[in-house]
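J.: sharing a sequence plus its predicted fold:
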Amino acid sequence: MSVVNVITIDGPAGSGKSTISRLLAARMDYAYLNTGAMYRAIALAAKRGGISLDNRMALMHLCENIHLRFVADQDPPGLLMGNEDISEEIRNPEMDMLSSTVSTVKEVREAMCNLQRKMSRHVNKGLVAEGRDMGTVVFPDAGFKFLLTASLEERTSRRHLELLTRGKTIEKTAVMDSLKKRDNQDENRALAPLRPAPDAFILDSTGMGIEEVVQWLMNHTASS
C-alpha cells in the first residue's frame, strides 16, 4: 500500500483522536490503527509478567513474542492479546502512565514501529493511524498528517466523562493531574517526542463537536 493512502492523526491524551480517527476511517472506508492501544497492551503484559520497565531486553523479548489483533467488527474496535479481549483493561489512568513510560524504551518503539508498518501493508483501500509519532516517525511520508489537540480543561472533561461512562469512579482533579503528567512525559521524552510533523495540519478542537472535527478533517483531505 502506498503511503499516499495513509492518514496520520497524532495528539495528546484526551484530545479525542481515537474517536475521531475511528469515525474518519469509517467514513472513508479505511482501516483504523490505534497504536496507543498497542503500547497499552505492552504495558499490561509487562505488569502481568512482573517485568520491570527498566529491563530493556525483557521488554524487547516481550514485544517480539506478543500476539496482538484488532477486532474490527465491533465499535470501538477491540484488541485481543492472544485470545483475550483486553480492550477494557487497558483503558485506565494506570495504563495511561505505564504505556507512556514503556513507549520511551528504544527497543519497544522500534519493535512497535516495525509491527505498525507491517500491519499497514495488509489493508486494502487505506489506513487512518493514530498515536503520537505517526506523522513524524512511523509514517513520515503519509499523504495526510494531522495533529489534533484541545485545551487541558477540555481534554480533562472528555477523559473524565469517558471514564465515568465506562463505570470508573475517579475525581476530575485526578484526571487532570494524570493528563499533565502524561503530557510532560510525551512531550519531553528523548525518543520520538509528541510534536507536529513539519507538514501536518494542526487543529485545536476546543469547543468543537465530534462531527465538526470529522468534517474538518474530511474537507482537508478532499481539498489538498
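T.: Good, I have the coordinates.
J.: surely residue 33 is within a helix?
T.: No. The secondary structure assignment for residue 33 gives strand rather than a helix, going by DSSP: H, G, I helix; E, B strand; the rest coil.
J.: is it bridged to anything, and to what?
T.: With DSSP bridges as the criterion, residue 33 is bridged to residue 129.
J.: wait, what's in contact with it?
T.: Shown here is residue 33, whose contacts under the criterion Cβ atoms under 8 Å, 6 or more residues apart in numbering are 70, 116, 119-120, 127-130. Bear in mind the C-beta positions are built from the backbone N, C-alpha and C, glycine included.
J.: and residue 102, how far is that from residue 46?
T.: With distances defined as Cβ to Cβ, to the nearest Å, the gap from residue 102 to residue 46 amounts to 6 Å.
J.: counting neighbours, what do you get for residue 6?
T.: Using other Cβ atoms under 10 Å as the criterion, residue 6 is surrounded by 26 other residues.
J.: thought it was touching residue 126?
T.: Yes. Contact status for residue 6 versus residue 126: in contact at 6.8 Å, counting by Cβ atoms under 8 Å.
J.: the strands in the protein, which residues?
T.: Taking DSSP state E, the strands of the chain run over residues 6-10, 31-34, 68-71, 78-81, 84-85, 127-131, 144-149, 201-204.
J.: I'd like those strands laid out as CSV, including distance to residue 53.
T.: CSV is the format used below for those (distance: least, Cβ to Cβ, whole Å):
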stretch, distance to residue 53
strand 6-10, 23
strand 31-34, 21
strand 68-71, 19
strand 78-81, 18
strand 84-85, 21
strand 127-131, 19
strand 144-149, 27
strand 201-204, 31
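J.: lowest mean pLDDT across those, which one is that?
T.: When the strands of the chain are compared on mean pLDDT, strand 68-71 scores lowest, with a mean of 88.
J.: what comes up buried for that one?
T.: Of the residues in strand 68-71, 68, 70 count as buried by neighbour count, 16 or more other Cβ atoms under 10 Å.
J.: adjacent strands (with direction) for it?
T.: Strand 68-71 sits in its sheet next to strand 78-81 (antiparallel), going by DSSP bridges.
J.: what comes up buried for the partner strand?
T.: Burial within strand 78-81, assessed by neighbour count using 16+ other Cβ under 10 Å, is assigned to 78-79, 81.
J.: got the contact list for that strand?
T.: Counting by Cβ under 8 Å, 6+ apart, strand 78-81 makes contact with 34, 37-38, 41, 44-45, 66-71, 85-87, 90, all of which sit outside it.
J.: wait, doesn't residue 149 sit right on residue 200?
T.: No. Counting by Cβ under 8 Å, residue 200 is not a contact partner of residue 149; they are 11.1 Å apart.
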